[in-house]
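Asks: Fold the following and give me the result.
(chains A and B)
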2 protein chains.
Amino acid sequence: MNGAESLVRTLVDSGVEVCFTNPGTSEMHFVAALDKVDGMRAILALFEGVVTGAADGYGRMAEKPAATLLHLGPGLANGLANLHNARRAETPLVNIVGDHATYHAQYDAPLASDLKGFASPVSGWYHSSASPKTVAADGARAVQAAMSAPGQIATLVLPADTAWLDADGPAPALPNAGPAAVSGDTVDRIARLLKSGKKSVLLIRGAALKERGLKAAGRIAAATGVRLMCDTFTARLQRGAGRVMLDRLPYFAEQIEETMAGTEQLILAGGKPPVSFFAYPGKASWLTPDGCDIAYLAHAHEDATAALEALADALGAPKEPINVASLELPDLPNGKLDSFTAGQVIARLLPEGAIISDEAATSGIGPAIYTTTAAPHDHLSLTGGAIGQGLPLATGAAVACPDRKVVCLHGDGGAMYTLQALWTQAREKLDVTTVIFANRSYAILNVELMRVGAENPGPKALSMLDLHNPELNWVELGRGMGVNSMRAETAEEFAEQFAACMKEKGPHLIEAVI
Amino acid sequence: MNGAESLVRTLVDSGVEVCFTNPGTSEMHFVAALDKVDGMRAILALFEGVVTGAADGYGRMAEKPAATLLHLGPGLANGLANLHNARRAETPLVNIVGDHATYHAQYDAPLASDLKGFASPVSGWYHSSASPKTVAADGARAVQAAMSAPGQIATLVLPADTAWLDADGPAPALPNAGPAAVSGDTVDRIARLLKSGKKSVLLIRGAALKERGLKAAGRIAAATGVRLMCDTFTARLQRGAGRVMLDRLPYFAEQIEETMAGTEQLILAGGKPPVSFFAYPGKASWLTPDGCDIAYLAHAHEDATAALEALADALGAPKEPINVASLELPDLPNGKLDSFTAGQVIARLLPEGAIISDEAATSGIGPAIYTTTAAPHDHLSLTGGAIGQGLPLATGAAVACPDRKVVCLHGDGGAMYTLQALWTQAREKLDVTTVIFANRSYAILNVELMRVGAENPGPKALSMLDLHNPELNWVELGRGMGVNSMRAETAEEFAEQFAACMKEKGPHLIEAVI
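Replies: Predicted structure coming up:
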């Protein structure tokens, strides 16, 4: 057994079932090992940003890492933007990056680069294997590192000779400690704070944004009147009918300032105090009101869900939460197709258990409003601001959850970054419906241009935000990659097409011209 | 005048005429400044790998830097693979990377990252501006650094507040020292070596691969019989009728070993001794024969062209070079379309002064053979092995040389990495004809899988190299981005289509099904 096979076996034994790949020469032994080992599904993508974004989507839904397989420093580099998003999402993820043979590094061949330099900004754990004899154990450590709460990126570099030389066999899986427990003292301290009568916000992040944590939060709100909130962009949020609703922090600094005004206590469950996404001239970056106390119920690596439940019990909260969404479906709209009518259609027709990969940007407002009371679903959003996440994320989520419908809502500008994901969806017959909101613009930048004080923009500036010339044809782009693609120009057309996509399994794309 | 405007003015004053952009919020003041300053063409791309690859293509042809405009760490990250190629090509290039305002960095907002970490592996020069008062001078230094011989990547980070706050005005351009002169002693020493009668190779790299350097090399060969060679992958090589021909180092290690066998002296003009592109089990990495002496006529930062001319004179070489290609055009072929018949068509119809951006990989063999005696042209190849260079490189070359036809020869696998370049070609009406060699495969990897000793590959392994399922439709992909696109399945069809493309200005794409 060579090093590559020992690594693949170790990954499988450690619970890694899927590897998203874009391999090259230095990864050929890993590729060959895929046939020698049962239990590892290999999924090819035509660009590394798809590989890493898919691994992020998989990890968010499966709650364990997928592996990637990337080709040296430049292959990793192409995946970095979505690894940045995955880092912000605290997704467990194991990067396997092939490298030149250890003895070849000295020759500075064309593909040689500072691989550690590329990897370090996104990796919580990094190691380059020095010997085929250690590759297996290194792989077990990588999985353990990826799973360390709340989840992080572990990058294991596999020099070609450590893959092709003889190894001693797989290494045993290492234990996953899980998130740290929050002490009873902390719970009691937060309970006292919430009983103080001060105007309080409970800001929840991470794994507690699933049903159990949300239910506990709703009980705490019932007992104390605390306002429940989440970040603007959440890695995974369970929403829809039957789920406790949270107030999402708005996007712009002054909106956050306004919504936080008067808050006397900010209780954090897994997250950090709100800050502005960007800096703007004359506007605040730090958005906790002056004089507001900040207290941590749980840090990111701690078990916020259990802490919320303990807190609810400590408060003597009622068994049933408040703020539970009821099922309220909008009527199917007529006429103009826009973010709001599209949102009505999506909310009306979204199947129970759907997963929404949301990079709709300015077009996401309508869907966000109407899906609050739609059938229960998981919502995955753009965590790190690096656009081009949505299509790959949907791809990975569909791999993790083959029995659930995945709906990808995407702006046209961002979708162009990683459109190659459509090919992987077609190849793997993934049950993803992609809605491209085709406004032919980096629409958010038209807003931002004014907000940053760049007044009276000229034609050159405006042309940098405009995607009309030429217009992208998403029907052709989707078909070019084997995805059944269609265009909707009215609300009726969109409703008819979206309904068909919800009924039929497999990849579809709707270009929603808005 | 704010910092952004002071920077744009400085760049223009320093000779930077083109900025390839993919901006976001933090770059809006730079974008707004584009309208306030004459002389800077702004070209939008829909993905940063196109931005950086285009800047590389521009720099290779214009011999001065284009600027990029990139959005924080993740925007830079998306451009890193082609920056890796540009670094290997020694292309002058100025990256402008917007960043959070200086005072905002402390808040670790979602888009914050270790920008210096991302940039350092590709940047010969890196600086983050600390004040709007220094931005202009920092810009002048960046251009100077980019132009320092042989050319390198200078990355200037522009925090948003240094762009929007008041500056004092532009900074004067800084001098470009040009390449260092090679001493007469060195020339005389190399002349003595070449007169020794030993079997010698003169390996030429960089700017000396243009007509002047080639002519001097051909004179040296006439005087001494030295064998003239160039690297497998050259940033820019002038070829075709009237140019001195070089032997290109072959790709595979054992082929290089064979071609170098018996060489007693290796004379380097701007380059490095040959090494294997990848390591292979049991094969050599260092490919200079044992006992072969290595001598440097010119290092990369030195003026190899002038040194070659001085060497020719020192040798008393004849005025006229040998190894000059004559114009020999193949007949237009019939029947099967493959790399060879396609090569015959391309060589036959290539207009004088064309620029070939070559990422044809395994399909490039035919064109390489037949264009040796085609009309004189410039040939740009994949310098760093990071596939996805060809389409952006062609885009930038067309911007640099609007009066020359650009022909991009590309494998289908690699072309998918940065296909967004087609949209920029359509938007800017660039005179680029793209030939996609559609073999539905990472064909080189089928070879490499065997070469690395991964024998008897199974179906999973083989599927990682195969692009048949589903087949990409490049006609739809091209049309989806506004490029006139067609498919050729026979040599006749290809000849007819390629002939039409050579006659008509503007972007075209031919999917050559081979």
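
Asks: Report the secondary structure element holding A:Y58.
Replies: Element membership of A:Y58, judged by DSSP states H and E, is helix A:48-62.

Asks: from the chain's centre, how far out does that helix sit?
Replies: 8 Å (C-alpha atoms, centre = their mean, to the nearest Å).

Asks: Report the backbone C-alpha coordinates of it in CSV.
Replies: Taking Å, rounded to 0.1, in the frame of the first residue of the first chain, the C-alpha atoms of helix A:48-62 are listed here in CSV:
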residue,chain,number,x,y,z
GLU,A,48,-11.1,24.8,-7.8
GLY,A,49,-13.5,27.5,-6.5
VAL,A,50,-16.2,24.9,-7.2
VAL,A,51,-14.3,22.2,-5.3
THR,A,52,-13.8,24.3,-2.2
GLY,A,53,-17.3,25.9,-2.2
ALA,A,54,-18.9,22.5,-2.7
ALA,A,55,-16.8,21.1,0.3
ASP,A,56,-18.1,24.1,2.3
GLY,A,57,-21.8,23.4,1.4
TYR,A,58,-21.2,19.7,2.1
GLY,A,59,-19.7,20.4,5.5
ARG,A,60,-22.4,22.9,6.5
MET,A,61,-25.1,20.3,5.9
ALA,A,62,-23.3,17.0,6.8
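
Asks: So A:S123 is in contact with A:A146, correct?
Replies: No. Using C-beta atoms under 8 Å, A:S123 is not in contact with A:A146, being 10.0 Å away. For every residue, glycine as well, the C-beta is placed using N, CA and C.

Asks: what sits in contact with each of these two?
Replies: Common neighbours of A:S123 and A:A146 are listed as A:152-154 (criterion: C-beta atoms under 8 Å, 6 or more residues apart in numbering or on different chains).

Asks: Tell me which of those residues fall in strands.
Replies: Of the shared contacts of A:S123 and A:A146, the ones assigned to strands by DSSP state E are A:153-154.

Asks: out of the shared contacts of A:S123 and A:A146, who's near chain B?
Replies: Among the shared contacts of A:S123 and A:A146, not one lies near chain B by C-beta under 8 Å from any C-beta of the partner chain.

Asks: In chain A, where's the longest helix?
Replies: Using DSSP state H, we find that the single longest helix of chain A is helix A:72-89.

Asks: helices or strands up against that one?
Replies: helix A:48-62, strand A:67-71, strand A:93-99, helix A:115-119, strand A:153-159, helix B:72-78, helix B:80-89 (3 or more C-beta pairs under 8 Å, 6 or more residues apart in numbering or on different chains; DSSP states H and E).

Asks: Recalculate using a threshold of 6 Å.
Replies: Other elements packing on helix A:72-89 under the criterion 3 or more C-beta pairs under 6 Å, 6 or more residues apart in numbering or on different chains; DSSP states H and E are helix A:48-62, strand A:93-99, helix A:115-119, helix B:72-78, helix B:80-89.

Asks: Of all the residues in the first one, which ones are buried?
Replies: If you call a residue buried by 16 or more other C-beta atoms under 10 Å in any protein chain shown, then helix A:48-62 has these buried ones: A:48-62.

Asks: and which of those is nearest to chain B?
Replies: Closest approach to chain B among the buried residues of helix A:48-62 (C-beta to the nearest C-beta): A:G49, at 7.2 Å.

Asks: quick check: domain ranges of chain A?
Replies: Following the assignment in automatic domain parsing, chain A carries domains at A:3-164, A:184-314, A:339-513.

Asks: need the contact list for the nearest residue to A:I365 once chain neighbours are set aside.
Replies: Among residues not flanking A:I365 along the chain, A:S339 sits closest, at 5.2 Å (C-beta to C-beta, 6 or more residues apart in numbering or on different chains). A:S339 makes contacts with A:363, A:365-366, as judged by C-beta atoms under 6 Å, 6 or more residues apart in numbering or on different chains.

Asks: List of residues touching the longest helix of chain A?
Replies: Taking C-beta under 6 Å, 6+ apart as the rule, helix A:72-89 contacts A:48-49, A:51-53, A:56, A:70, A:93, A:97, A:99, A:111, A:113, A:115, A:118, A:122, A:153, A:235, A:383-384, A:386, A:389, B:74, B:77-78, B:80-81, B:84, B:110, B:113, B:386.

Asks: Around chain B, which positions in the stretch 151-300 of chain A sit nearby?
Replies: With C-beta under 6 Å from any C-beta of the partner chain as the criterion, the stretch 151-300 of chain A comes near chain B at residues A:160, A:164, A:275, A:277-279, A:281, A:285.

Asks: Using ChimeraX, define a selection of the buried residues within the residues you listed.
Replies: Command for ChimeraX, covering only those of those found buried under the criterion 16+ other C-beta under 10 Å:
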select /A:160,164,275,277,278,279,285
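
Asks: Next, count neighbours for A:L308.
Replies: Per other C-beta atoms under 10 Å in any protein chain shown, the neighbour tally for A:L308 reads 29.

Asks: For it, give its distance to B:S357.
Replies: 57 Å (C-beta to C-beta, to the nearest Å).

Asks: From what I see, A:A32 and B:A454 are in contact.
Replies: Yes. Taking C-beta atoms under 6 Å as the definition, A:A32 is a contact partner of B:A454 at 3.6 Å.

Asks: between the two, who's got more neighbours?
Replies: More crowded of A:A32 and B:A454, by other C-beta under 10 Å: A:A32, with 27 against 23.

Asks: Return the residues in contact with that one.
Replies: Going by C-beta under 6 Å, 6+ apart, A:A32 touches B:454, B:457, B:461.

Asks: ok, A:T373 to chain B distance?
Replies: Distance from A:T373 to chain B, counting by C-beta to the nearest C-beta, to the nearest Å: 28 Å.

Asks: how close does A:A454 get to B:T10?
Replies: On the measure of C-beta to C-beta, A:A454 and B:T10 end up 19 Å apart.

Asks: Now, the contacts of A:A32 that are in helices?
Replies: Filtering the contacts of A:A32 for helices - DSSP H - leaves B:A461.

Asks: Which of the contacts of A:A32 sits closest to chain A?
Replies: B:A454 (3.6 Å).

Asks: that older thread, could I get the pLDDT score of the residue nearest to A:I365?
Replies: We have a pLDDT of 97 for A:S339.

Asks: out of the shared contacts of A:S123 and A:A146, which is most surrounded?
Replies: A:I153 (30 neighbours).
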